[in-house]
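> need a structure here:
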Amino acid sequence: MSEFGDQRRRLAAAMERRDAWPARSAWIRQAVDALPRDLFAPQRLWRWNGQAYLPVDRRTDAEQWAAEVYGDPDAAAVTQVTDGRPSSSLSCQAVVVDMLDSLQVEPGHRVLELGTGTGWNAALLAFRAGRRQVTSVELDPALAAAALQRLDAVDAQVAVEIGDGEAGWPPRAQYDLVMSTYAVPSVPWAWVAQTRPGGRIVTPWGRLGHVALTVAEDGKSATGWVQGLAQFMPPRGTRADRDFSQVRGTDPVDDERPYERDIGPLRDDWNLRFALRVALPDVHITVAADADGLNAWLHDSKSSWASLSALGGGTTVAHQGGPRRLADELDKAWDTWLDQDMPDVYDYGLTVEPDHQYAWAHDAKTGPRWPLNGE
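Model (predicted):
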């Protein structure tokens, strides 16, 4: 059993203070208590020091290691770094709990998990669904082997398979439930095809939230609402996006104009940020303050960029370059959100069909729609 009882209790109490333990899924807290996070964390974790990820080893600094495992409810523990970027993690407890609640697991359900990682989420699924009911697919053979060892140590009896999660796992289809632990820009149709009619799919979408989809009775579509906000890693092996400086380059500015809008909401209003993610799925937005005020940088990872630069005294100027005018696109999407009475995160949903999928607001059939395209 875990040797970090005090840390576990502090994290559980923090969850309780913010009412993050779902009343309708009391089993989740029981599972988390029975399967503590540290049993599934590798001996080496990685901590961001503001400039780079540095190793934190359990053998040499158990206190700091435990602090990474049992941070606040929204803190993930980075378990793998590739080319200087996090590539796997022990997901933050609040999001794991919220997604499990959204999945609505019942004893006897056949569950497919995509992205085994450390194995903790698979163990929690098996606690509820039952032994030999969970299949988990992991792309990285080393991670899969380590996760299987941890799962076997707690007798979870989860089948861990090595493969690309985008394809699901056809040999054991159909499943009652499918759960992805990594973010996708669009939902692979294989996940829907391998889920029974009336079954449920929970996945992070767009790296900013997660959705719960129900497969239609005819099996020809799946639709459902956004369930909550969180930032997720993309599929392992995804090419790293170019950053703003790479896209900006050294070419002359194509367009310059005063920018009259207060850009504070770009930093502070998560409902606006989610709406912009829906409307501009390939546009990355970063906001930061300096002595002159708030600044924002936009790019599409390809060849278009915009900067909103504070000059002091409440003055901001927009510079744009590339074939697209991203500051103009930002304004248009922002205005549309305002015209639609500022829908919040929970007003959005997704519909997935074999050859087409789209996000929508308010109503899947009559509300405004935005086609999804892969990043």
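
> most residues in a single strand of the chain, which one?
Within the chain, and with DSSP state E defining each element, the longest strand by residue count is strand 195-205.

> Buried residues, that one. List them.
Neighbour counts over strand 195-205 (16 or more other Cβ atoms under 10 Å) mark 195, 199-205 as buried. Glycine gets a C-beta too; all of them are placed from N, C-alpha and C.

> could you point out which element follows the helix or strand of the chain with the lowest mean pLDDT?
Using mean pLDDT, DSSP states H and E, the weakest-scoring helix or strand in the chain turns out to be strand 85-90, at a mean of 88. For strand 85-90, the succeeding helix or strand toward the C-terminus, using DSSP states H and E, is helix 93-103.

> Which neighbouring elements make contact with that next one?
Counting contacts by 3 or more Cβ pairs under 8 Å, 6 or more residues apart in numbering; DSSP states H and E, the secondary-structure elements packed against helix 93-103 are helix 5-17, helix 26-34, helix 120-129, strand 175-180, strand 195-205, strand 209-215, strand 222-229.

> Could I get the CA-only coordinates of it as PDB?
These are the backbone C-alpha positions of helix 93-103, laid out as PDB (Å, rounded to 0.1, in the frame of the first residue of the first chain):
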ATOM      1  CA  GLN A  93      -6.700  13.800 -10.400                       C
ATOM      2  CA  ALA A  94      -9.600  16.200 -10.900                       C
ATOM      3  CA  VAL A  95      -9.700  15.600 -14.700                       C
ATOM      4  CA  VAL A  96      -9.300  11.800 -14.300                       C
ATOM      5  CA  VAL A  97     -12.200  11.800 -11.900                       C
ATOM      6  CA  ASP A  98     -14.400  14.000 -14.000                       C
ATOM      7  CA  MET A  99     -13.800  11.900 -17.200                       C
ATOM      8  CA  LEU A 100     -14.500   8.700 -15.300                       C
ATOM      9  CA  ASP A 101     -17.800  10.200 -14.100                       C
ATOM     10  CA  SER A 102     -18.600  11.300 -17.700                       C
ATOM     11  CA  LEU A 103     -18.000   7.800 -18.900                       C
END
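
> What are the contacting residues of it?
The set of residues external to helix 93-103 that reach it, using Cβ atoms under 8 Å, 6 or more residues apart in numbering, is 11, 15, 18, 20-22, 24-25, 28-29, 32, 37, 73-74, 120-121, 124-125, 128, 177, 179, 200, 202, 204, 210, 212, 227-228, 230, 232.

> Stretch 329-348 now?
Outside stretch 329-348, the residues within contact range by Cβ under 8 Å, 6+ apart are 209, 225-229, 261, 270-272, 274-276, 278-280, 283, 285, 298, 306, 359-362, 368.

> Buried subset of these as a PyMOL selection?
Remark: buried members of the contacts of stretch 329-348, expressed as a PyMOL selection using 16+ other Cβ under 10 Å:
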select buried, resi 209+225+226+227+228+229+271+272+274+275+276+278+279+280+283+285+298+306+359+360+361+368
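
> and the contacts of stretch 329-348, which of them are in strands?
In this view, these that belong to strands under DSSP E are 209, 225-229, 285, 298, 306, 359-361.

> pLDDT for those - can I get that in a markdown table?
Rendered in a markdown table, the data for the ones in strands among the contacts of stretch 329-348 read as follows (pLDDT from 0 to 100):
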| residue | pLDDT |
| --- | --- |
| G209 | 87 |
| W225 | 97 |
| V226 | 96 |
| Q227 | 95 |
| G228 | 88 |
| L229 | 81 |
| I285 | 95 |
| L298 | 97 |
| A306 | 97 |
| A359 | 95 |
| W360 | 96 |
| A361 | 95 |
